[in-house]
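**Student:** kindly return the folded structure for what I paste below:
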Amino acid sequence: MIPVFEPDVTDADIASVIEALHRGEISGTFGRSLTDFEESYTAWLGRRFAVSTTSGTTALHLAMAALDLPRGSEVLVSASTNIASSLALAHNGLVTVPVDSERQTWNMDLDLLPGLLSPRTRAIMPVHLFGSPIDMPRLMAFAREHKLAVIEDCAESHGARFNGTLTGAFGELACFSFYANKVITSGEGGMVVTDDERLVERLRLLRNLGFTKPRFRHEVLGFNFRMTGLQAALGLSQLRRIDAIIERKREVARWYTERLSGVPGVQLPVEPAGTLHVHWMYAIVIHPEFGLSRDELAEHLHREGVETRTFFCPMSRQPCLDGPELMRPVPCPVADELWERGLYLPSSTRLTEDQVARVCGLLRAAPRSAKVAVCASP
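**Tutor:** Here you go, the predicted model:
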């Protein structure tokens, strides 16, 4: 089976973790690896502060808690995304307002933002889907005009750029994930970045159970969202080679695009002028002209030893968000279509060009293979 993703862990990564173990960096907020990872991340990204967390989900949760928006405030969120974005809002007493997707980039459709504002709107959470950067200068201008906070969800977009600026360098806050299948990993792990001294103090306070002085007397309801030194050691080692990882992901994407361009009914990812797409996953959309549905194609590829995965179920269709205190109902027809027709192909940096060629050959031949199978059946 060619998996959707395989972790890319080198001997240097393993050595970094072992060195942290020898230094006793098991848990807590101390140790060289944690501070080195946070400081290296700010230097790489060009932000002032970084606060590591246990996951990308807790990074989003912590960011929203630090903003301390009034309960019942509405946040405009990309409809097509992982549930983690809306979970961070729900657990902070905030209401998701899903924003439908563009048809070409599959990102949040910025044309829809004005029509979704209400007196309760306080923030926007754009998601750079699959590593494709949103037009952040345009989004930031809209946010400034309407006095909205911006929390970038960069879980899938480490290294993506808009007009040369990295995603995560625009918003008041930005959150990254280091889950095993992300561009770089620390196993589990996340990071919140900001330039605001007031916010970073609150982020650090809330991350560590709200500890102040005297110790064990707590004035705020904090969380234990602390990354371990072992995770930081792995993340730091991966960060040292992030440019090579991104170049490899873009090379895999080029192999796919060269072989799948022009296949009827197969919509490929785009890279608009001025953007750099990091292709966290190589995603495609299967239209009726292909001759098979998305699910029929996925089943065919699975039988041939190729793993795939569907796009995200839109926030507007999530049963767990049913209720006015959790989500304002908004139709999202494009995100619905992406959920029904989108899938992503194996996207590991360890893929060979021969493996990509095999996947593409199987995909191109799938409609013909299905017809042969039907004709051969009794």
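
**Student:** buried set for stretch 13-20?
**Tutor:** In terms of neighbour count (16 or more other C-beta atoms under 10 Å), stretch 13-20 has its buried residues at 13, 16, 17, 20. Using the backbone N, CA and C atoms, a C-beta is placed for each residue, glycine as well.

**Student:** for stretch 112-124, same thing?
**Tutor:** For stretch 112-124, by 16+ other C-beta under 10 Å, it's 112, 113, 116, 121, 122, 123, 124.

**Student:** name the nearest residue to the fifth one, sequence neighbours excluded.
**Tutor:** Beyond its immediate neighbours in the sequence, the residue positioned closest to residue 122 (C-beta to C-beta, 6 or more residues apart in numbering) is residue 73, lying 4.0 Å away.

**Student:** can you check the last one too?
**Tutor:** Excluding the flanking residues, the one nearest residue 124 by C-beta to C-beta, 6+ apart is residue 76, at 4.6 Å.

**Student:** and the gap between the one you found and residue 110?
**Tutor:** Distance from residue 76 to residue 110, counting by C-beta to C-beta, to the nearest Å: 10 Å.

**Student:** so between those two, which is more surrounded?
**Tutor:** Under the neighbour definition other C-beta atoms under 10 Å, residue 76 and residue 110 were set side by side, and residue 76 has more, 28 against 17.

**Student:** list the contacts for the more buried one?
**Tutor:** The contact partners of residue 76, taken as C-beta atoms under 8 Å, 6 or more residues apart in numbering, are 97, 99, 108, 113, 116, 121, 123, 124, 125, 148.

**Student:** redo these as TSV? Include secondary structure.
**Tutor:** Converted to TSV, the contacts of residue 76 look like this (DSSP: H, G, I helix; E, B strand; the rest coil):
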residue	secondary structure
97	strand
99	strand
108	strand
113	helix
116	helix
121	strand
123	strand
124	strand
125	strand
148	coil
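
**Student:** could you identify the most distant pair in the residues you listed?
**Tutor:** Pairwise distances across those peak at 14.4 Å for 108 and 121 (criterion: C-beta to C-beta).

**Student:** check which helices and strands the helix or strand of the chain with the lowest mean pLDDT sits against.
**Tutor:** Lowest on mean pLDDT, DSSP states H and E among the helices and strands of the chain sits helix 353-376, with a mean of 87. Here helix 353-376 touches helix 242-260, helix 294-303, going by 3 or more C-beta pairs under 8 Å, 6 or more residues apart in numbering; DSSP states H and E.
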